[in-house]
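Trainee: this one's structure only:
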């Protein structure tokens, strides 16, 4: 199949807000694919590639600009092969070679294909057909229920391979996907609750746990063999010998554990996330790094033990089994309550120990691998800044026709300008979308594709959880988990928070100074 067919489907999916229509369009495309095209096509439509790291980003794409082709010529498999070549290009001269590969690929792409590929490569593909919708589309195309597709994909850790099996082998083929050692399972995810009252209002009695800001790990053990996987299911075993040793110390023959690992400072307080993540760099002197920055694992779930899958058991039973297996000091701090006052005390204890908040988990919930449902809720302490809107991007799907994704900037007293810190489309009600679209268009100064740049007039109160170091933005910092709390028409841009304020907060969070 030509890439152009997939790109056109992606465009049509992005332009409709109706979920059933999105599902129909995607299913129709899936049914037209050849078996060897299914995995690449599903990944592309899910906004990802099969290549874990392409080694190309904004700068490489900028330096590889090419005029668009007049007619479609690329196939899906041809693009996938080019991305393989891109990912495999390493060593001296690799940057030049990657630019050449990208230039050649873009030169053979139409304008629509170039836009699609740019979003795909940078991880910013906005088309309304990401992984959640793909479960339903695969099920429709295969004539199966979406629950079985979702479960198989979560246990396989890969939606694309499940799509190929479902579309070529039907329900019988899906039986191969179960809990299996050394095949990582997609981690269960959490939604956000505003506070403990909201969380307990949703769950009633709940298991509460400290929420660490470390590195999520999934550990598989069979006898003396251990593998450690990251949140994104990459194997990181060689980088974390402490976790291997901790797993081997447990009294079981076979295990799959879910947990978090932290680098702890003196006194047991956690280092900031970015310091912990130094242990997962590409080029590591593991022995030296272990001595300088030892890791401590904390377990919060057991998914399989001695050949018995546990993911369908209630949370309270899984944690009970974990408590019988692992020493208390290696378990995440845990309590069960339905009392908001006790929950608030537990949250304050987590914050006092330097952690980012707590988790609230439904006692009866099974482990819904890969799902971001209401059975797990996270409650964090957010920070706020008053930032200026520098631009916005046109929305897709339900937000089509509205300026949605906001570019956020802090004031720079040294230059009189503003320094961009990131983007957000979260926290916006329908009324806010309509209002900001009208206001921003009045202040428009330029356009670049789907981005509208505006005079820096509007100030918004932005809630966020923390900063991370980022080479993408001029200030070297980016907001994590930003959302709009409200607009501040009472504030002028000159009253917005400064980049100095931002850097002070970031220094404390990222480097612990």
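Mentor: Nice, thanks for sending it over. These figures come from a predicted structure and were not determined experimentally. Residues are numbered from 1 along each chain as shown.
Trainee: where's the residue nearest to residue 11 when sequence neighbours are not counted relative to residue 71, distance?
Mentor: Counting by C-beta to C-beta, 6 or more residues apart in numbering, residue 11 lies nearest to residue 112, which is 6.9 Å off, once chain neighbours are set aside. Where C-beta positions appear, they are placed from N, C-alpha and C, glycine not excepted. Between residue 112 and residue 71 the computed distance is 12 Å (C-beta to C-beta, to the nearest Å).
Trainee: looking at the two, which is more packed in?
Mentor: residue 112 (16 against 6; other C-beta atoms under 10 Å).
Trainee: mind listing what the more buried one touches?
Mentor: 4, 7, 8, 11 (C-beta atoms under 8 Å, 6 or more residues apart in numbering).
Trainee: that one is in what secondary structure piece?
Mentor: helix 111-122 (DSSP states H and E).
Trainee: what average pLDDT does that helix get?
Mentor: Average pLDDT, helix 111-122: 88.
Trainee: quick check: buried residues in that helix?
Mentor: 112, 113, 114, 115, 116, 117, 118, 119, 120, 121 (16 or more other C-beta atoms under 10 Å).
Trainee: state the distance from the closest residue to residue 265 other than its chain neighbours to residue 329.
Mentor: Nearest in space to residue 265, with sequence neighbours left out and distances taken as C-beta to C-beta, 6+ apart, is residue 271 at 5.5 Å. Distance, residue 271 to residue 329, by C-beta to C-beta: 19 Å.
Trainee: which one's more surrounded, those two?
Mentor: Between residue 271 and residue 329, residue 271 has the larger neighbour count (other C-beta under 10 Å), namely 20 against 7.
Trainee: about what we covered before: the residue nearest to residue 265 touches residue 261, doesn't it?
Mentor: No: using C-beta atoms under 8 Å, residue 271 is not in contact with residue 261, being 11.4 Å away.
Trainee: helices of the stretch 1-150 of the chain, start to end?
Mentor: For the stretch 1-150 of the chain, helices defined by DSSP state H, counting those that start in this stretch occupy the ranges 3-15, 19-32, 38-45, 58-62, 76-88, 94-107, 111-122, 131-142, 146-156.
Trainee: over to the stretch 351-500 of the chain?
Mentor: Here the stretch 351-500 of the chain has its helices, by DSSP H, counting those that start in this stretch, at 430-442, 499-506.
Trainee: and those helices, which is most packed in?
Mentor: helix 499-506 (a mean of 17; mean count of other C-beta atoms under 10 Å).
Trainee: could you measure from residue 454 over to residue 488?
Mentor: Taken as C-beta to C-beta, the span from residue 454 to residue 488 is 16 Å.
Trainee: actually residue 338, sorry about that
Mentor: On the measure of C-beta to C-beta, residue 338 and residue 488 end up 37 Å apart.
Trainee: what does residue 502 give?
Mentor: Taking C-beta to C-beta, one finds residue 502 at 17 Å from residue 488.
Trainee: where along the stretch 201-350 of the chain do the strands fall?
Mentor: Under the criterion DSSP state E, counting those that start in this stretch, the stretch 201-350 of the chain carries strands at the ranges 206-211, 215-222, 225-230, 254-263, 295-305, 308-309, 334-337.
Trainee: elements contacting the fourth one?
Mentor: For strand 254-263, the helices and strands in contact under the criterion 3 or more C-beta pairs under 8 Å, 6 or more residues apart in numbering; DSSP states H and E are strand 215-222, helix 241-248, helix 273-276, strand 295-305.
Trainee: ditto for the second one
Mentor: Using 3+ C-beta pairs under 8 Å, 6+ apart as the contact criterion, the secondary-structure elements in contact with strand 215-222 are strand 225-230, helix 241-248, strand 254-263, strand 295-305.
Trainee: got those as CSV, with mean pLDDT columns?
Mentor: Shown next, in CSV, are those (pLDDT from 0 to 100):
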stretch, mean pLDDT
strand 225-230, 96
helix 241-248, 97
strand 254-263, 97
strand 295-305, 97
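Trainee: and for residue 31, the neighbour number?
Mentor: 11.
Trainee: who's in contact with it?
Mentor: 141, 167.
Trainee: returning to that earlier point: now for the buried residues of helix 111-122: which two are most distant?
Mentor: 112 and 121 (15.2 Å; C-beta to C-beta).
Trainee: surely residue 241 touches residue 291?
Mentor: No: contact criterion C-beta under 8 Å: residue 241 and residue 291 do not qualify, at 11.5 Å.
Trainee: of these two, which one has the most company?
Mentor: Between residue 241 and residue 291, residue 241 has the larger neighbour count (other C-beta under 10 Å), namely 15 against 9.
Trainee: in stretch 382-399, which residues are buried?
Mentor: 382, 385-397, 399.
Trainee: the residues you listed in strands, which ones?
Mentor: Of the buried residues of stretch 382-399, the ones assigned to strands by DSSP state E are 385, 386, 387, 388, 389, 390, 391, 392, 393, 394.
Trainee: so in terms of bridging, what pairs with the first one?
Mentor: For residue 385, the beta-bridge partners under DSSP bridges are residue 462.
Trainee: any idea how far it is from residue 451?
Mentor: From residue 385 to residue 451 the distance is 22 Å (C-beta to C-beta).
Trainee: any low-confidence regions in the protein?
Mentor: 52, 57-59, 124-132, 282-283, 369-372, 508-513 (pLDDT under 70).
Trainee: okay, domains of it per the record?
Mentor: Using automatic domain parsing, the domain ranges for the chain come out as 3-176, 193-379, 383-511.
Trainee: end-to-end on the second one?
Mentor: Between the opening and closing residues of domain 193-379 there is a gap of 5 Å (C-alpha to C-alpha, to the nearest Å).
Trainee: off-centre distance for it?
Mentor: Taking C-alpha atoms, centre = their mean, to the nearest Å, one finds the center of domain 193-379 at 17 Å from the center of the full chain.
Trainee: before we move on, what about the last one?
Mentor: Going by C-alpha atoms, centre = their mean, the spacing between the C-alpha centre of domain 383-511 and its chain's C-alpha centre is 20 Å.
Trainee: how about the first one?
Mentor: Centroid separation for domain 3-176 versus its chain: 17 Å, with C-alpha atoms, centre = their mean.
Trainee: related to what we said a few turns ago, who has more neighbours, residue 338 and residue 488?
Mentor: The residue with more neighbours, out of residue 338 and residue 488, is residue 488; 15 against 11, by other C-beta under 10 Å.
Trainee: test my guess that residue 315 contacts residue 364.
Mentor: Yes: taking C-beta under 8 Å as the definition, residue 315 is a contact partner of residue 364 at 7.1 Å.
Trainee: the two - which one has more neighbours?
Mentor: When neighbours are counted by other C-beta under 10 Å, residue 315 and residue 364 differ, and residue 315 comes out ahead with 21 against 13.
Trainee: circling back to that earlier point, can you add distance to residue 199 and give the helices and strands packed on strand 215-222 back as a markdown table?
Mentor: Below are those laid out as a markdown table (distance: least, C-beta to C-beta, whole Å):
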| stretch | distance to residue 199 |
| --- | --- |
| strand 225-230 | 27 |
| helix 241-248 | 29 |
| strand 254-263 | 19 |
| strand 295-305 | 17 |
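Trainee: residue 207 versus residue 46, what's the distance?
Mentor: Noted for residue 46: a distance of 32 Å to residue 207, by C-beta to C-beta.
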